[in-house]
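Chemist: Sequence plus the predicted model coming up.
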Amino acid sequence: MYTQSFNVPDGQAADTREFKSVLSAHDQEVLNAAQSRFDAVIDADGKIEPKDWMPEAYRKTLVRQISQHAHSEIVGMLPEGNWISRAPSLKRKAILIAKVQDEGGHGLYLYSAAETLGTSRDQLLDALHTGRAKYSSIFNYPTLTWADVGVIGWLVDGAAIMNQIPLCRCSYGPYARAMVRICKEESFHQRQGFESLMVMMQGNAEQQSMVQDAVNRWWWKCLAMFGPPDADSTNSTQGMRWGIKRVSNDDLRQKFVDATVPQAKVLGVTLPDPDLIWNEARGHHDYGQIDWDEFWATVNGNGPCNKERLATRVKAHEDGQWVRDAAMAYARKQQSRQQAEAA
Ligand SMILES: [Fe+2]
Ligand SMILES: [Fe+2]
């Protein structure tokens with residue numbers, strides 16, 4: 001579903017500059033040459049690959065961003081997964097299962113991409129399960145009706161696509177390549193959400209009001225998905241310099257608002273913002289104030305479903321222990337058989 005469009009520190013930070021003072025003159029020269037090669041690739045809009053030298057701070061920023069993104073995909077399976085057993089028809093159930101399964105796949109590609117930077121899957125999952133790592137705040141809200149499933153597809157996956165398309169051009173090769181496939185699947189997620197809402201809006205008054213209620217509850221949270229305003233985004237400048245972040249939070253948010261307003265008209269729903277209005281001079285829609293206090297409270301663990309989401313993930317991981325044990329036992333058996341044959 002989804003991405004972590006803001007990058008919140010989760011206890012990892014370092015910079016190669018910290019170590020420079022203890023290097024010998026020769027090592028310093030080697031390091032400077034490596035840094036120059038890295039800078040040249042970034043300046044030429046090229047790709048950094050796992051075996052290339054990279055500054056420690058670049059590596060750590062990527063591990064943090066990609067793992068937060070992976071965690072968001074995996075936790076993002078939960079609010080919609082709640083509705084698989086209650087989908088209103090076989091067709092909707094099949095679509096929802098496919099979508100939730102896609103999100104699981106996105107998480108796996110992204111964990112793999114993060115692992116190429118030298119952090120193990122176990123370390124990444126441990127950070128999530130112990131609450132040190134962040135994931136997107138949007139998944140800490142409940143899905144109260146079936147209309148929420150459609151609205152998540154339309155707006156949450158819609159916001160995710162807006163944020164993720166520029167990541168296909170990210171300077172780190174494995175992340176950029178994972179995003180190409182993810183974006184294709186997100187596009188299906190967005191369209192199935194819109195289509196299911198379209199069907200409900202052609203239904204009875206109760207169905208229509210369910211859709212409007214879900215839009216009212218999710219709209220502002222989707223705008224917050226793009227992260228804090230540019231003026232408050234301390235990490236953005238460095239992320240842009242490194243070719244990790246390509247478009248600013250506010251520009252992405254504006255693109256999302258401008259793209260969504262006409263879709264809401266087609267659907268026949270009202271976006272819950274009295275200040276939302278076309279600004280002829282800017283060539284964009286103006287919109288109201290986002291409640292950042294609520295956003296940060298949720299990011300910091302105090303949203304309505306934070307504890308439930310984390311507990312569900314931890315339980316799923318623990319329940320899957322026997323599968324990992326069996327896979328390891330099988331791998332060991334294969335390895336000793338191969339060794340015996342080679343001997
Ligand atoms: Fe996804
Ligand atoms: Fe998605």
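Modeler: It's in. Ligands and ions are numbered 1, 2, ... in the order given.
Chemist: so where's this structure uncertain?
Modeler: Applying pLDDT under 70 to the chain flags the ranges 1-21.
Chemist: If we use 80, what do you get?
Modeler: Scanning the chain for pLDDT under 80 picks out 1-23, 233-236.
Chemist: For it, which segments count as strands?
Modeler: Listed in chain order, the strands of the chain (DSSP state E) span 277-279, 284-286.
Chemist: mind checking how far the closest residue to Tyr135 other than its chain neighbours is from Asp273?
Modeler: Ranked by Cβ to Cβ, 6 or more residues apart in numbering and with sequence neighbours excluded, the top spatial neighbour of Tyr135 is His71, at 3.9 Å. Glycine gets a C-beta too; all of them are placed from N, C-alpha and C. Remark: distance between His71 and Asp273 (Cβ to Cβ, to the nearest Å) = 29 Å.
Chemist: Who has more neighbours out of these two?
Modeler: His71 (27 against 17; other Cβ atoms under 10 Å).
Chemist: can I assume the more buried one is in contact with Arg132?
Modeler: No: with contact defined as Cβ atoms under 8 Å, His71 does not count as touching Arg132 (10.8 Å).
Chemist: who in the stretch 101-250 of the chain is up against ligand 2?
Modeler: 157, 186, 189 (Cβ under 5 Å from the ion).
Chemist: In ChimeraX, how would I select the buried members of the residues you listed?
Modeler: In ChimeraX, this line selects whichever of these come out buried by 16 or more other Cβ atoms under 10 Å:
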select :157,186,189
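Chemist: show me what contacts the residue nearest to Tyr135?
Modeler: Contacts for His71 (Cβ atoms under 8 Å, 6 or more residues apart in numbering) come out as 4, 107, 124, 128, 133-135.
Chemist: What is the most widely separated pair among these?
Modeler: Of all pairs drawn from the contacts of His71, the widest gap by Cβ to Cβ lies between Gly107 and Lys134 and measures 14.6 Å.
Chemist: Quick check: longest helix in this protein by residues?
Modeler: Determined from DSSP state H, the single longest helix within the chain is helix 173-201.
Chemist: Ile84 is in contact with Val100, isn't it?
Modeler: Yes: using Cβ under 8 Å, Ile84 is in contact with Val100, at 6.7 Å.
Chemist: quick one on the thing from earlier: would you turn the strands of the chain into JSON lines with mean neighbour count and distance to ligand 1?
Modeler: Shown next, in JSON lines, are the strands of the chain (neighbours: other Cβ atoms under 10 Å; distance: least, Cβ to the ion, whole Å):
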{"stretch": "strand 277-279", "mean neighbour count": "11", "distance to ligand 1": "31"}
{"stretch": "strand 284-286", "mean neighbour count": "15", "distance to ligand 1": "26"}
